[in-house]
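*Asks:* The amino acid sequence is not available; the structure is as follows:
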């Protein structure tokens with residue numbers, strides 16, 4: 001494999017990534033383009049110094065746990081001091097990489113990865129070999145924004161295992177199975193969308209119709225109010241959410257005067273991005289922020305009961321951006337109490 005083949009593999013992968021529809025809300029679930037700097041701790045059989053190189057690629061998150069990435073890389077190894085320049089190695093690599101994510105938390109997304117690579121090894125003018133390699137290892141992503149543009153920092157450590165045919169090189173290179181730690185740092189650039197687009201951002205930020213406050217005249221004690229939705233990984237109330245809750249307050253108070261034992265059940269929910277423990281805590285914060293707002297607006301705190309369900313009770317598929325947006329919610333129900 002030569003440089004043109006690496007470029008072809010990389011170009012095909014990036015074209016597929018660019019053609020995919022963007023996930024508008026979850027930055028961790030969007031296709032991406034990546035670039036990294038490589039450092040390779042060379043096997044002693046190379047008779048060379050540390051390898052330095054670069055890698056370009058593109059990835060596609062398949063689901064909340066698994067991502068497939070296609071990469072092309074070039075690494076250069078200079079000969080050890082004291083050796084002649086014939087010890088200069090050039091390595092061209094095309095790789096398909098699978099990554100298993102333990103969490104899709106934008107602040108820290110750790111993963112286990114393993115890649116299968118086709119490699120072209122060239123030793124100055126003294127020989128070359130085409131071979132295969134595998135590289136299990138671990139890494140993590142940290143997402144951030146610069147001027148409202150999403151990026152992710154990535155750090156990755158692999159242990160590359162490769163077999164090089166010694167017969168194709170001068171006798172002093174006792175190659176065979178070559179084991180080399182590979183370290184990389186770089187950036188991911190998610191394609192399309194915005195990580196902070198909540199459902200209600202597509203709705204007018206206006207108060208609900210005044211008629212909503214009159215519903216207490218004919219509603220029974222058991223009533224479900226409009227859900228309060230949240231941006232990804234957030235628990236703050238938008239203007240639209242506050243306006244909706246402002247319309248709920250007089251209805252709740254009217255029902256309270258009609259049904260003295262009335263209870264207000266407030267339950268927080270999340271989508272499936274993140275660990276169970278993280279989402280449980282996030283759903284608790286979403287329930288609490290709604291309760292606190294209702295109390296500030298005049299609802300009796302003693303009537304409110306809060307619940308947190310994490311990601312366990314979705315109302316829509318978590319496999320789409322729209323579904324995940326609907327699942328990031330707090331529900332409000334009134335009951336006759338007990």
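*Replies:* Okay, I see it. Because the structure is a prediction, the values reported are computed rather than measured. Residues are numbered from 1 along each chain as shown.

*Asks:* At which residues are the strands of this structure located?
*Replies:* Residue ranges of the strands in the chain, as given by DSSP state E, are 32-40, 48-61, 66-79, 89-101, 109-123, 127-134, 137-146, 149-164, 176-190, 223-224, 228-229, 263-268, 304-308, 329-335.

*Asks:* And the first one, what's buried?
*Replies:* Translated: strand 32-40. Residues 32-34, 36, 38, 40 are the ones in strand 32-40 that count as buried (16 or more other C-beta atoms under 10 Å). Placement of C-beta: from N, CA and C, glycine included.

*Asks:* swap in the fifth one?
*Replies:* Neighbour counts over strand 109-123 (16+ other C-beta under 10 Å) mark 109, 111, 113, 115, 117-123 as buried.

*Asks:* Then the last one?
*Replies:* Within strand 329-335, the residues scored as buried using 16+ other C-beta under 10 Å are 329-332, 334-335.

*Asks:* Between all of these, which two are separated the most?
*Replies:* The largest separation in those, counting by C-beta to C-beta, is between 329 and 335 at 18.8 Å.

*Asks:* quick one: low-confidence parts of the chain?
*Replies:* Scanning the chain for pLDDT under 70 picks out the ranges 1-26, 80-86, 171, 193-219, 337-338.

*Asks:* And this protein, what are its domain boundaries?
*Replies:* For the chain, automatic domain parsing gives the domain ranges 3-190, 199-335.

*Asks:* With distance to residue 70 added, can I get the buried residues of strand 32-40 in CSV?
*Replies:* As requested, those are exported to CSV (distance: C-beta to C-beta, whole Å):
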residue, distance to residue 70
32, 12
33, 11
34, 10
36, 13
38, 16
40, 20
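
*Asks:* Let me know the closest of those to residue 225.
*Replies:* Nearest to residue 225 among these, with distances taken as C-beta to C-beta, is residue 32, at 38.4 Å.

*Asks:* The closest one and residue 61, how far apart?
*Replies:* Residue 32 sits 8 Å away from residue 61, taking C-beta to C-beta, to the nearest Å as the criterion.

*Asks:* quick revisit: please produce TSV containing the buried residues of strand 109-123, extended by distance to residue 71.
*Replies:* Putting these into TSV (distance: C-beta to C-beta, whole Å) gives the following:
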residue	distance to residue 71
109	18
111	15
113	11
115	7
117	8
118	11
119	12
120	14
121	17
122	19
123	23
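
*Asks:* Kindly indicate which of those lies nearest residue 249.
*Replies:* For those, the nearest to residue 249 is residue 109 (39.0 Å; C-beta to C-beta).

*Asks:* Which residues are in contact with the nearest residue to residue 153 once chain neighbours are set aside?
*Replies:* Leaving aside its chain neighbours, residue 153 sits nearest to residue 142 (4.8 Å; criterion: C-beta to C-beta, 6 or more residues apart in numbering). By C-beta atoms under 8 Å, 6 or more residues apart in numbering, the contact list for residue 142 reads 106-109, 152-154.

*Asks:* now do residue 222
*Replies:* 333-336.

*Asks:* Nearest to residue 226 among those?
*Replies:* Proximity of the contacts of residue 222 to residue 226 (C-beta to C-beta) peaks at residue 333, which lies at 11.3 Å.

*Asks:* which residues does that closest one form a beta bridge with?
*Replies:* Under DSSP bridges, the beta-bridge partners of residue 333 are residue 224, residue 265.

*Asks:* picking that back up, pick the most deeply packed of the strands of the chain.
*Replies:* Comparing the strands of the chain by mean neighbour count (mean count of other C-beta atoms under 10 Å), strand 228-229 ranks first with a mean of 24.

*Asks:* quick one: strands adjacent to it?
*Replies:* If you go by DSSP bridges, strand 228-229 pairs up with strand 329-335 (antiparallel).

*Asks:* For the partner strand, give me every contacting residue.
*Replies:* By C-beta under 8 Å, 6+ apart, strand 329-335 touches 221-230, 248, 252, 255, 262-269, 286-287, 289-290, 315.

*Asks:* what does stretch 110-120 give?
*Replies:* Here stretch 110-120 makes contact (C-beta under 8 Å, 6+ apart) with 1-2, 5, 67, 71, 91-103, 128-141, 156, 158, 160, 162.

*Asks:* rewinding a little: please convert the strands of the chain to a markdown table, extending it with distance to residue 277.
*Replies:* Below are these laid out as a markdown table (distance: least, C-beta to C-beta, whole Å):
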| stretch | distance to residue 277 |
| --- | --- |
| strand 32-40 | 26 |
| strand 48-61 | 21 |
| strand 66-79 | 21 |
| strand 89-101 | 15 |
| strand 109-123 | 14 |
| strand 127-134 | 33 |
| strand 137-146 | 17 |
| strand 149-164 | 22 |
| strand 176-190 | 25 |
| strand 223-224 | 28 |
| strand 228-229 | 23 |
| strand 263-268 | 14 |
| strand 304-308 | 12 |
| strand 329-335 | 19 |
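
*Asks:* of all those strands, which lies closest to residue 319?
*Replies:* Nearest to residue 319 among these is strand 48-61 (11.0 Å), distances taken as C-beta to C-beta.

*Asks:* From the chain's centroid, how far away is that closest one?
*Replies:* 21 Å (C-alpha atoms, centre = their mean, to the nearest Å).

*Asks:* Next, the angle from that strand to strand 66-79.
*Replies:* Put simply, strand 48-61 runs at 160 degrees to strand 66-79, going by axes from the mean of the first three to the mean of the last three C-alpha atoms, to 10 degrees.
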